[in-house]
Structure formats: structure tokens, C-alpha cells
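Undergrad: sequence unknown, structure follows:
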């Protein structure tokens, strides 16, 4: 088992959805500059996590080693632990906080923070990742204990861009090239969990984890969805124009063909609404209601009947990554 590494998980879909929002958002949208900056940070964060996972998968561990990506667990009804990467070994549990920040970085205390320094000047101040990691480790240890697991929790912050680091020693911080050695050292410890314990813990994490669901994004950011052009788009990003029942044209790159209905529906669900009706689907693609009904029936959606058979809705489950992945395919 490898958690969600073999699937597109929460982190991937969050980045993908915001990418699609920027693709359909008008250039004049006032929130665009802020959303673009946030998206640059998301891309960098996911790229760093992917690099850490690639190293973990090549660290010589058994292929079925449980590795979870993007894990949120409830510590109390109002408090959650959010961890980038979690590994479950017989030797204990490892958590990793990935940071993709380049340049010269300085750790400071009272209060704990991380500063980015350029030409001797502090240009950016961030939360201290070492303090974040230690809070995650302590909170996860408590989470395990309250569920009857007695396993040590270790790990580290992993910088994936080899920055120059200034600051106090003995912090839980390593570079990406040190990660394999860290893993080799961890598996030399005496096993504390049986194979049965590992399976039980993995199942407990799977059943307990919560996922951040910000969709649909237009509502989240207060964007008027009626100002956006919905429907199939060309690979170049331009809106497709329907010429016949089965042929659509791109005025930008002059291509013709049948559009990919799945990605257009995925845009609808991630950006505009959790549900769609047969009538809305027919209008979205300029097709007959019967064709829209068959199209929605092929998708992994939940059908919600209206009273008297009217106003039937089809709902997406944002936690069903297989359903999202099916729509992503042309």
C-alpha cells in the first residue's frame, strides 16, 4: 500500500482546480493577481512534496511500505493536524514537512521564524518550519496514544532546493540529499510494531483522515460564475465554438473536432457547483436532453431524484478521487 501516492490526491486536485480557475477567469477579474501568487506557492509546495516522495520510493524500502501524502487528522472537534507526508514502518512512524525555498535562509527565535535574506536584507519572514514540524510530531504522538498505538514518531523538515541555512543547530532539518541516509538510519532501530499493528494503524489513518474541500472555487472566492464562459475548451485554452452536433472549432488555433466533455464537466463541478441537472448539461454542450442524460449516466455521479421526477440532480463526491479522475479523461 502506498497511501494516495499512486492516485491523484487532495494536494493534486487543489492545484489542478486553481489552475483551471485561472484558465477560465477573465483577465479583468480583480482577484486574479492575488490568486496567481497563491497558485505559484501551491505549485512550488506540491513540486517539493513530489521530490520528497520520489526519494522515499527509491530509498530501498519494501514496495508495499505505507506512505501517505497530504494527511489531515482530527485531534479534537475543532483542531486538526495537517502533515505533508507520513510513513508507517515497523520501526515507528515518520513524518516529513517539505519546503521548497531557495536562497539564504535564517532561523530566528523569540518568536520562532524563518527569514529569507538577500544582500544582507531580510526580504521575507515565514513561520518557522521546524516549530511547525515539532508541533505536528507532538500532536500526532498524542493522536496515536489516544487510539491505543504506542509508536515513536520521528521525521524532519526536508528542504528540497539546497538553500544556505543560518541559525541554531540541532533542529529537525535535513536536505533532500540527506533523506535516504535518514531513512536507512530509521530502519536500523528495533521494530516496535508487528505487521498486524502496521495494517491496523494504516486502516485507522485511512478511516480518520479528513480532506480539505474548498470546492466549488467560485463560491469560495466570491467570484460571479455567470461572468465566466462555461463549456468545452481547446488544448490552447480558448473557448470552443460549436458548428455541428459533433464538430467544434477553435478560432485561435483553427483546430476542429469533438470536444472532451469530461474535463468541461470537471470544470463545472470544481469551480461552479457540486451538482448539475440534465438541462444544465444539455445547455453546457448544446446537445439534446436525452444525450445529456446518457452522458451524465456514464459518469461516477450520485443521482438525486427531485419530487415527481422533476429537477433531478447529479452530484459529484469531492472525496471520490476516482470520480474526479474519470472526468479528467477526454
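TA: Received it, and whenever you're ready, just let me know what you need. Just so we're clear, the structure is a prediction, and the values are computed from it rather than from any experiment.

Undergrad: what does the one helix or strand residue 13 maps to rub up against?
TA: Per DSSP states H and E, residue 13 falls inside helix 10-24. By C-beta atoms under 8 Å, 6 or more residues apart in numbering, the residues outside helix 10-24 that reach it are 4, 8, 32, 35-36, 38-39, 42-43, 45-46, 49, 69-70, 211-212, 214-215, 217-218, 221, 223, 228-230, 233, 237, 266-267, 270-271, 321, 324, 328. Using the backbone N, CA and C atoms, a C-beta is placed for each residue, glycine as well.

Undergrad: filter those to the buried ones?
TA: 4, 35, 39, 42, 45-46, 49, 69-70, 215, 217-218, 221, 223, 228, 230, 233, 266-267, 270-271, 321, 324 (16 or more other C-beta atoms under 10 Å).

Undergrad: mind listing which of the residues you listed are in helices?
TA: Among these, the members found in helices (DSSP state H) are 35, 39, 42, 45-46, 49, 217-218, 221, 266-267, 321, 324.

Undergrad: distance check, residue 229 against residue 24.
TA: As for residue 229, its distance to residue 24 is 7 Å (criterion: C-beta to C-beta, to the nearest Å).

Undergrad: which parts of the helix holding residue 13 are buried?
TA: 10, 11, 12, 13, 14, 15, 16, 17, 18, 20, 21, 24.

Undergrad: and these, which is closest to residue 189?
TA: Using C-beta to C-beta, residue 11 comes nearest to residue 189 of the buried residues of helix 10-24, at 29.1 Å.

Undergrad: now the helices for the stretch 101-250 of the chain?
TA: Secondary structure of the stretch 101-250 of the chain (DSSP state H, counting those that start in this stretch): helices at 129-145, 179-186, 195-208, 217-221.

Undergrad: select, out of the ones you listed, the one closest to residue 163.
TA: Proximity to residue 163 (C-beta to C-beta) singles out helix 129-145 among the helices of the stretch 101-250 of the chain, at 11.4 Å.

Undergrad: list of residues touching that closest one?
TA: 73, 75, 81-83, 86, 93, 95, 97, 99, 107, 112, 114, 150-151, 153-157, 171-173, 201.

Undergrad: those in strands, which ones?
TA: 73, 75, 81-83, 86, 93, 95, 97, 99, 107, 114, 153-157, 173 (DSSP state E).

Undergrad: select only the buried ones of the residues you listed in ChimeraX?
TA: Typed into ChimeraX, the line below selects the buried ones among the ones in strands among the contacts of helix 129-145, using 16+ other C-beta under 10 Å:
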select :73,81,83,86,93,95,97,99,107,114,153,154,155,156,157,173
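
Undergrad: related to what we said a few turns ago, out of the helices of the stretch 101-250 of the chain, deepest packed?
TA: Most buried of those by mean neighbour count (mean count of other C-beta atoms under 10 Å) is helix 129-145; its value is a mean of 18.

Undergrad: that one - what's its average pLDDT?
TA: If you average the pLDDT over helix 129-145, you get 94.

Undergrad: quick one, it and strand 92-99 angle?
TA: In terms of direction (axes from the mean of the first three to the mean of the last three C-alpha atoms, to 10 degrees), helix 129-145 departs from strand 92-99 by 150 degrees.

Undergrad: what distance separates helix 129-145 from the centre of its chain?
TA: Averaging C-alpha positions (C-alpha atoms, centre = their mean, to the nearest Å) puts helix 129-145 21 Å from its chain's average.

Undergrad: go on, stretch 199-207?
TA: 20 Å.

Undergrad: got a list of contacts for it?
TA: 1, 66, 68, 71, 73, 86, 88, 93, 144, 147, 149, 151, 193.

Undergrad: adding distance to residue 118, write those residues out as CSV.
TA: Conversion of the contacts of stretch 199-207 to CSV gives the following (distance: C-beta to C-beta, whole Å):
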residue, distance to residue 118
1, 43
66, 40
68, 36
71, 34
73, 37
86, 34
88, 40
93, 37
144, 41
147, 45
149, 44
151, 42
193, 45
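
Undergrad: residue 300: which of the residues you listed is nearest?
TA: Nearest to residue 300 among the contacts of stretch 199-207, with distances taken as C-beta to C-beta, is residue 1, at 22.4 Å.

Undergrad: residue ranges in the stretch 151-300 of the chain under the pLDDT threshold?
TA: 169, 244-246, 254-257 (pLDDT under 70).
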